[in-house]
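J.: return a 3D structure for these sequence lines:
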Amino acid sequence: MKPSPNGLSRWLVPAMVVTVTLAVAPGGETPFSGVKTAVFGVASVALLLRAALLGSSSHAPLAPRVLAGLWIGTLALSQFLGPAASPGGMWLEAAAGVVILSLLQAPPEPGPALRAIAGAGTALALVAGLQFLGVDPFRWMGWASTHPGERMRIYGTLGNPNFVAAYLGASLCITLGEAASAARASHRRAWAAAAVLQLGALAATRSWGSVLAVGAAALSLAWTRTPTPRSEISRGRGWGALVLAGFAAALLLLAVSGRSLSTVLAGRLYLWEVAAPHVFDAPVFGHGPGSFVTLWPAWEAEYWARGAPAEQERFVAPQDHAHLDYLEWLLSLGLVGTAPRLLLLLAALRAGRQAPDARGRAVIAALVALAARALTDFPFARPAELCLLAVLTTLALHRKP
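T.: Numbers count the residues shown, from 1 in each chain. Below is the predicted model:
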């Protein structure tokens, strides 16, 4: 008799989530992304072997598994056919595709996976909170970030306040779901305290993207439909969720009040104006994974040669990403690579619309938060957030109303 695939998932998927989130290599060339990408890659291989050896009778429908296969296949095509593909540009996305395909074939147990996300988010928030208070735990080990500026001291275990904010926007939703679904009062109080800590750390990052992400996540609660009649308790919790969402929005708006929204938007618009026209240079397979950082200097020089407004000169700088993941997908992978990724994300959101419980709605809210953040940032190009996307997508696609 085959062992249950959920038996391995109880430790393998949670261990991947926690390690990818918290692993740091102080003093290394890439102290945050390098070790996380390596862990994510190793975990993807382990999950693939698990799916191949154990199999499952409860795999996801065929269409999402085909899309996951296309995620990997189109990535390989763009790597070989993209004119500016970077030799190492595909490995992070390849790991994500393998994780998604493996977990669609042999699903993880939702409880441990979601508690790992909530726990990792709480640990990240604790580190970020200490950094906000000027007590950076990495200094105790003789190492600290070299980024200048008061806001940049809050880098958690991810390397940048915006990265911390992107992760916490999703993990906060999962933590609230755990608080709402916990059977014991002591567990509910513990998860509620963890959510408060995460919300405080999220506000401390002072990221405008958090307002967009958390606002979209809150709206998703109205979009999801509960298949059973709502009791007085569930209605009360619904009102409580709305009150909490209003408080969170007010806190986040207060936190970002000192940062100019117009400047942030102008910077993003500059990036998109420079990069977007080059989608048409390689519309089918894109320029290749990892090509953005290589091609950006030439694109920027061409933009200025056409006569750019003088007020945009303050935004001239090297760039690694487009700060709009969907645009970067088009640039790097073309229509062939972008289509299955968008369809898979939409399939997950559609599957989770009739979430049967608080955990299911929390998964969709977290996915919406990540998807909204990707409109002004690049969470899908970073290992910690991409790991979240992979796990949450598979959990949503396995949910049954």
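J.: now this protein, which segments are flagged as low pLDDT?
T.: Applying pLDDT under 70 to the chain flags the ranges 1-9, 55-58, 144-149, 224-247, 249-250, 253, 399-401.
J.: next, the buried residues of the longest helix anywhere in it.
T.: Ordering each helix of the chain by length in residues (DSSP state H) puts helix 325-351 first. Residues of helix 325-351 classed as buried: 325-334, 336-341, 343-345, 347-349, 351 (neighbour count, 16 or more other C-beta atoms under 10 Å). All C-beta spots, glycine's among them, are computed from the backbone N, C-alpha and C.
J.: which helix or strand lies directly C-terminal to that helix?
T.: Later in the chain than helix 325-351, the nearest helix or strand by DSSP states H and E is helix 358-373.
J.: which strands and helices sit next to that following helix?
T.: Applying 3 or more C-beta pairs under 8 Å, 6 or more residues apart in numbering; DSSP states H and E, we find helix 358-373 packed against helix 110-132, helix 161-181, helix 208-223, helix 325-351, helix 383-398.
J.: burial count for Thr294?
T.: Thr294: 14 surrounding residues under other C-beta atoms under 10 Å.
J.: list the buried residues for the one helix or strand it maps to?
T.: In this structure, Thr294 sits in helix 291-305 according to DSSP H and E. Buried residues in helix 291-305, defined by neighbour count with 16+ other C-beta under 10 Å: Ser291, Phe292, Leu295, Trp296, Trp299, Glu300, Tyr303.
J.: Leu389: which of those residues is nearest?
T.: The closest of the buried residues of helix 291-305 to Leu389 turns out to be Phe292 (C-beta to C-beta; 18.9 Å).
J.: and the closest one, how far from Ala96?
T.: According to C-beta to C-beta, to the nearest Å, Phe292 stands 17 Å off from Ala96.
J.: next one: Gly111
T.: Gly111 sits 23 Å away from Ala96, taking C-beta to C-beta as the criterion.
J.: repeat for Val13
T.: According to C-beta to C-beta, Val13 and Ala96 sit 14 Å apart.
J.: ok, the two, which is more surrounded?
T.: For Val13 versus Ala96, neighbours defined as other C-beta under 10 Å are more numerous around Val13 (31 against 25).
J.: show me the contacts for that one.
T.: Leu47, Leu103, Pro108, Glu109, Pro112, Ala113, Ala116, Val391 (C-beta atoms under 8 Å, 6 or more residues apart in numbering).
J.: helix, strand or coil for the third one?
T.: Spelled out, it's Pro108. Of the three states, Pro108 takes coil according to DSSP: H, G, I helix; E, B strand; the rest coil.
J.: surely it meets Leu395?
T.: Yes. Counting by C-beta atoms under 8 Å, Pro108 does reach Leu395; the two are 7.2 Å apart.
J.: ok so, going back, which one of the contacts of Val13 is nearest Leu212?
T.: Nearest member of these to Leu212, counting by C-beta to C-beta, is Val391, at 22.2 Å.
J.: need the helices and strands packed on helix 358-373 in JSON lines (columns: distance to Arg373).
T.: Below are these laid out as JSON lines (distance: least, C-beta to C-beta, whole Å):
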{"stretch": "helix 110-132", "distance to Arg373": "14"}
{"stretch": "helix 161-181", "distance to Arg373": "5"}
{"stretch": "helix 208-223", "distance to Arg373": "4"}
{"stretch": "helix 325-351", "distance to Arg373": "9"}
{"stretch": "helix 383-398", "distance to Arg373": "8"}
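J.: closest one to Arg188 among those?
T.: Taking C-beta to C-beta, helix 161-181 is the member of the helices and strands packed on helix 358-373 nearest to Arg188, at 5.3 Å.
J.: next one: the spatially closest residue to Ala347 that is not a sequence neighbour from Pro107, what distance?
T.: If the residues on either side of it in the chain are set aside, Ala347 comes closest to Pro64, at 5.4 Å by C-beta to C-beta, 6 or more residues apart in numbering. To Pro107, Pro64 is 11 Å away according to C-beta to C-beta.
J.: distance check, Thr205 against Ala216.
T.: Relative to Ala216, and taking C-beta to C-beta, Thr205 is found at 17 Å.
J.: between these two, who's got more neighbours?
T.: Neighbours were tallied for Thr205 and for Ala216 using other C-beta under 10 Å; the higher tally belongs to Thr205 (26 against 19).
J.: residues touching the more buried one, list them.
T.: Ala128, Arg151, Ile154, Pro161, Asn162, Val164, Ala165, Leu168, Ala255.
J.: do the same with Leu77
T.: Leu77 makes contact with Phe285, Val336, Gly337 under the criterion C-beta under 8 Å, 6+ apart.
J.: the last one reaches Gly288, doesn't it?
T.: Right, Gly337. No. Here Gly337 does not reach Gly288: they are 10.1 Å apart, not a contact under C-beta under 8 Å.
J.: angle of the helix or strand where Val196 lies against helix 208-223?
T.: Element membership of Val196, judged by DSSP H and E, is helix 185-205. Helix 185-205 runs at 140 degrees relative to helix 208-223, counting by axes from the mean of the first three to the mean of the last three C-alpha atoms, to 10 degrees.
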